[in-house]
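*Asks:* Below is the sequence, then the predicted model.
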Amino acid sequence: MKSSVIFGGKVPAEGKAEIKRILEIDKEGGDGTYLGLPECFHGFKQELLNFIRERLQGRFQGWFLKALSQGCKEILLKSIALALPVYAMSVFKLTKDLCDKLTSAMVEFWWSNGSNKKKIAWVAWQRLCKHKEEGGMGFHDISSFSQALLAKQAWRILQRPDSLVARVLKSKYWRNGSFMECGEDLLIPNTGLWDTQKINELFTEEDAASILNIKPMIHKEDRLCWGFTREGSYSSQSGALAVAEQLRYRGIPVERACKACGAEQETICHTLFNCPTARDTWSDAGLPLPERGLSQNSVFLNMHHLVACTKSKDCHTQLR
């Protein structure tokens, strides 16, 4: 039998023996890999996930030795290179540093001439990620794709609460509630404050820091609905590519017009700030707008204005 069982460090020897007897499995695992990931993880997540970069660079090293056309490179990047970290991205959120390094390795491979020497990147990677109809090559943004895959796992847990993985995670993280309420077990009762000690015990240093930076809002009700699909169900595609401009940017044939107003092209800036629905929302919120109005094409300028408003002494406390 090829099956093996993995035990935590705190499981006593007699407990291991009993479990092995019940399962009729004698072999203990933990040192192997599954779909490219180590069976057991220890240490910092960033160090553990470096193997993805090493595998990708190792694959590129073999390809560098061959004189490949741009067409061959395109196929290799889309069908093999981008497929290597998919399982890891479905389990872990890749760090920004790792995403940058993976992107850098792909950029270097794309512009190389087979001599394994760095070449000038004549076109920005963001432009290469555009659809071919818009002058790009249809490559994917790793960071957005990783986030979308993780969100898909969360949606599966919500939709299939009786699945094995959902029951295992529930026993550890939201034993007395639901998946969407699991954060409540990490709060100090009746305070709305994080239980720092518990969070540091349950999560890695990096994840714990991210959680502690979130401000809990315990007095607001939650409702479950994904707003970027007609049926309200989440998909990794809709998670990574939420507006029409971004969908077409990556090769998905959809209408360019905004779904809400039907007039303007559905860009991120239009959806969040310039669509009549968005403008009504900002107006109802009482947010002071710039003298010349919000920018028509710069998300950065509009977000900068919002952040400045929250820091202004003249801004109402509730609006902040």
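*Replies:* Right, received. Where do you want to start?
*Asks:* any weak-confidence spans in this protein?
*Replies:* 1, 35-36, 41-48, 63-66, 114-118, 180-185, 220-232, 234-255, 264, 310-320 (pLDDT under 70).
*Asks:* Outline the domain layout of it.
*Replies:* By the assignment in automatic domain parsing, the chain contains the domains 135-253, 255-320.
*Asks:* could I get the ones you listed as CSV with mean neighbour count?
*Replies:* For the C-beta atoms, the positions are set from N, CA and C on the backbone; glycine is no exception. Formatted as CSV, the domains of the chain follow (neighbours: other Cβ atoms under 10 Å):
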stretch, mean neighbour count
domain 135-253, 14
domain 255-320, 14
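*Asks:* Can I get those domains in a markdown table including distance to residue 93?
*Replies:* Putting the domains of the chain into a markdown table (distance: least, Cβ to Cβ, whole Å) gives the following:
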| stretch | distance to residue 93 |
| --- | --- |
| domain 135-253 | 6 |
| domain 255-320 | 21 |
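*Asks:* Tell me which of the ones you listed lies nearest to residue 109.
*Replies:* Closest to residue 109 of the domains of the chain, according to Cβ to Cβ: domain 135-253, at 11.4 Å.
*Asks:* Break down the stretch 1-150 of the chain into its strands, ranges please.
*Replies:* In the stretch 1-150 of the chain, the segments counted as strands under DSSP state E, counting those that start in this stretch are 33-34, 37-38.
*Asks:* Note down every partner strand of the last one and its orientation.
*Replies:* According to DSSP bridges, strand 37-38 has the following sheet partners: strand 33-34 (antiparallel).
*Asks:* Contacts for the partner strand next, please.
*Replies:* Strand 33-34 has contacts (Cβ atoms under 8 Å, 6 or more residues apart in numbering) with residue 39.
*Asks:* Please compute how far the host helix or strand of residue 305 lies from its chain's middle.
*Replies:* According to DSSP states H and E, residue 305 maps onto helix 299-311. Relative to its parent chain, helix 299-311 has a centroid offset of 24 Å by Cα atoms, centre = their mean, to the nearest Å.
*Asks:* Kindly report the same for stretch 297-307.
*Replies:* Distance, stretch centre to chain centre, for stretch 297-307: 23 Å (Cα atoms, centre = their mean).
*Asks:* Run through who's touching it.
*Replies:* With contacts defined as Cβ under 8 Å, 6+ apart, stretch 297-307 is touched by 267-269, 272-273, 287, 289-290, 294-295.
*Asks:* Name the pair among the residues you listed with the greatest separation in space.
*Replies:* Checking those with Cβ to Cβ, the most distant pair is 267 and 287, at 20.4 Å.
*Asks:* Would you enumerate the residues in contact with residue 105?
*Replies:* By Cβ under 8 Å, 6+ apart, the contact list for residue 105 reads 53, 56-57, 60.
*Asks:* JSON lines for the strands of the stretch 1-150 of the chain, including distance to residue 97 and mean neighbour count?
*Replies:* Output for the strands of the stretch 1-150 of the chain, formatted as JSON lines (distance: least, Cβ to Cβ, whole Å; neighbours: other Cβ atoms under 10 Å):
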{"stretch": "strand 33-34", "distance to residue 97": "23", "mean neighbour count": "9"}
{"stretch": "strand 37-38", "distance to residue 97": "19", "mean neighbour count": "15"}
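*Asks:* Go through those strands and name the closest to residue 174.
*Replies:* Between residue 174 and those, the tightest spacing by Cβ to Cβ is seen for strand 37-38, at 24.2 Å.
*Asks:* ok, back up a step: let me have the contacts of residue 105 in TSV, extended by distance to residue 305 and neighbour count.
*Replies:* Formatted as TSV, these follow (distance: Cβ to Cβ, whole Å; neighbours: other Cβ atoms under 10 Å):
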residue	distance to residue 305	neighbour count
53	37	19
56	39	20
57	41	16
60	42	18
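*Asks:* Looking at the residues you listed, which one is closest to residue 213?
*Replies:* Set against residue 213, the nearest of these by Cβ to Cβ is residue 53 (26.2 Å).
*Asks:* quick one: the closest one from residue 98, how far?
*Replies:* According to Cβ to Cβ, to the nearest Å, residue 53 and residue 98 sit 6 Å apart.
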